[in-house]
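J.: kindly return the folded structure for what I paste below:
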Amino acid sequence: MMTMKLAPIPAGECDVPNDGAKDAHSAWRRCCVRLRAELGEDIFSSWFGGLEIESVVGGVVKFTVATRFLKSWIESHYRDRILAALRSEIGAVYGLNITVRSSTRPLGVAEANATTPRQGPTRGAPFKAPPVADAETSARSIAPRGESPPNGDALGGSPLDRRLTFSSFLVGRSNQLAHTAAQRVIETGLGQSPAFSPLYIHSSVGLGKTHLLQALAHAAASQGRRVVYLTAEKFMYSFVAALRSQTAIAFKENLRLIDLLIFDDAQFLQGKSIQNEFCHALNALVDAGRQVVVAADRPPGDLEALEERVRSRLAGGLCVEMGALDEPLRTKILEARIFAARATHHNFDVSPAVLAYVARVIASNGRDLEGAVNRLLAHTTLTGVPLTVEAAEIAVRDLIRAHEPRRVKIEEIQKLVASHYSVTRADILSSRRTATVVKPRQIAMYLAKTMTLRSLPEIGRRFGGRDHTTVLHAVRKIEGLSNSDSALHDELELLKRMLQE
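T.: Modelled structure (predicted):
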């Protein structure tokens, strides 16, 4: 049995000690580089900053973390990623053992940094608007009224882009209602009960949700309101950082003292503890007559990763959809982007025919429209050739997307399969093991895995709380049967077409 006792090394530091375990530490350092590249700097620092490797015993790698919460989160969400990284570097790794460090042991570098309170602003100091740095980000999106948080970053908001204001937000038929609702939030004075809280805005990517939310944050801050703009990722990071630095109570108290909470990308909110904290804050703010605005890429009922009570609370307010950009609105967006480009490229000229062509063929989202303007600008400045419709067609052809298939929900799959095989959805979700129920259940699980982006554990939860191994068995079994049974293969193709219609 191979046994190596390693001097602890934090994932955030990955220093190589001068001892006999240098090779193992070097392998873990390479794993850290790989995980950082896969997950991104923010996620890596949030969840792996305090992860320390201790030993490798018989193919089981032992790590330690500072809190039970971090242990539970890493085991639930990143266990497979860590194992895959370790196997690619060390080889025969069969298991992962994460334990909570003793509070009496000296802290690692990353841990010590995390638990050292930052020096916050003086209590009672008047708020001064920070200077705008550049076109990408502006000041932190919290405007205190009377008192700042006791910790400097106890409740720091996500960065705001100074360009995303109401004056630059273009209104069309698809976003008129959402824009009006946001304006109503601004028109409601301090101390007045909000007309609708929470306000829930949903749309596909690139249709202006974030622009509208940041415009709302800018406008509310200019009125002297305490407003915080948070993305789900920033909220999760701040909550875990507060737990690690033992300032969770201050975090919760400051979150409940604001006037306006703007929460973006709610579909990315993960973890039972974090969702519970968000739900408690949401309830506290709404019950206290404060305004909450939430945005996501789908309606509350379709956020399957969220707890039922969170979805129910979000659905209890005003839900507004921002639809696809119609052609007149796409034309307005293109004209605004072209006008902005002319500020630095005075000879950039787009004919009405080219403008109309681009507005017609690029119907996906505003980001693609901005990309189209950049490509037209590059064609004009780099080639010096006049911009014709034919040239524009070549320049933007990679942005012309095929019609995306309709998003399929697990509930729709369950209902269709139940109807097709003459059983009920309750039968599919039940524990019944009869052949008339088991086969439709396995087919529904197979379709859920192949037609949605849901993970195996999440699919299992949606099928009556089953284990992910049950789902995996069903998927493999139906795949095998469909390869040998042409009738079943045809049935599956029929069900897929019906779900896409």
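J.: give me the distance from the helix or strand encompassing Lys71 to the chain's centre.
T.: Lys71 belongs to helix 68-77 when assigned by DSSP states H and E. On the basis of Cα atoms, centre = their mean, to the nearest Å, helix 68-77 sits 19 Å off its chain's mean C-alpha point.
J.: helices or strands up against it?
T.: Helix 68-77 is packed against helix 41-48, strand 95-100, helix 232-244, with contacts defined by 3 or more Cβ pairs under 8 Å, 6 or more residues apart in numbering; DSSP states H and E. The way it works is simple: take the backbone N, C-alpha and C, and place the C-beta from them, glycine included.
J.: buried sites along the following helix or strand past it?
T.: Scanning forward in sequence from helix 68-77 by DSSP H and E, the next helix or strand is helix 79-89. For helix 79-89, a neighbour-count test (16 or more other Cβ atoms under 10 Å) marks 82, 85-86, 89 as buried.
J.: what does stretch 260-270 give?
T.: In stretch 260-270, counting by 16+ other Cβ under 10 Å, buried: 260-267, 269.
J.: distance between it and the chain's centre?
T.: Here the centre of stretch 260-270 is set off from its chain's centre by 8 Å, with Cα atoms, centre = their mean.
J.: any idea how far apart the tips of that stretch sit?
T.: Distance across stretch 260-270, first residue to last, is 22 Å (Cα to Cα, to the nearest Å).
J.: so which residue is dead centre in this protein?
T.: What sits nearest the mean C-alpha location of the chain, by Cα atoms, centre = their mean, is Phe268, with 3.3 Å.
J.: number of nearby residues for the closest residue to it other than its chain neighbours?
T.: Nearest-residue entry for Phe268: Ala232, 4.1 Å, with adjacent residues in sequence omitted and distances by Cβ to Cβ, 6 or more residues apart in numbering. Close neighbours of Ala232, defined as other Cβ atoms under 10 Å, add up to 21.
J.: quickly note the distance from Ala232 to Ala295.
T.: 10 Å (Cβ to Cβ, to the nearest Å).
J.: domain ranges for the chain?
T.: 3-111, 166-321, 327-399, 410-500 (automatic domain parsing).
J.: give me whichever of those domains is most buried.
T.: domain 166-321 (a mean of 19; mean count of other Cβ atoms under 10 Å).
J.: what about that domain, start to end distance?
T.: Domain 166-321 has its terminal residues 18 Å apart, counting by Cα to Cα.
J.: Gly460 reaches Ala474, doesn't it?
T.: No. At 9.7 Å, Gly460 does not count as touching Ala474 under the criterion of Cβ atoms under 8 Å.
J.: list residues touching both of Ala232 and Ala295?
T.: Common contacts of Ala232 and Ala295 (Cβ atoms under 8 Å, 6 or more residues apart in numbering): 263-266.
J.: tell me which of those residues fall in strands.
T.: 263-264 (DSSP state E).
J.: surely Asn83 touches Ile98?
T.: No Asn there; residue 83 is Leu. No. With contact defined as Cβ under 8 Å, Leu83 does not reach Ile98; the gap is 11.6 Å.
J.: checking the closest residue to Phe263 other than its chain neighbours next. Helix, strand or coil?
T.: Distances taken as Cβ to Cβ, 6+ apart put Val294 closest to Phe263, at 4.7 Å, once the chain neighbours are dropped. Following DSSP: H, G, I helix; E, B strand; the rest coil, Val294 is assigned to strand.
J.: look up how far Leu285 lies from Val294.
T.: Distance from Val294 to Leu285, by Cβ to Cβ: 11 Å.
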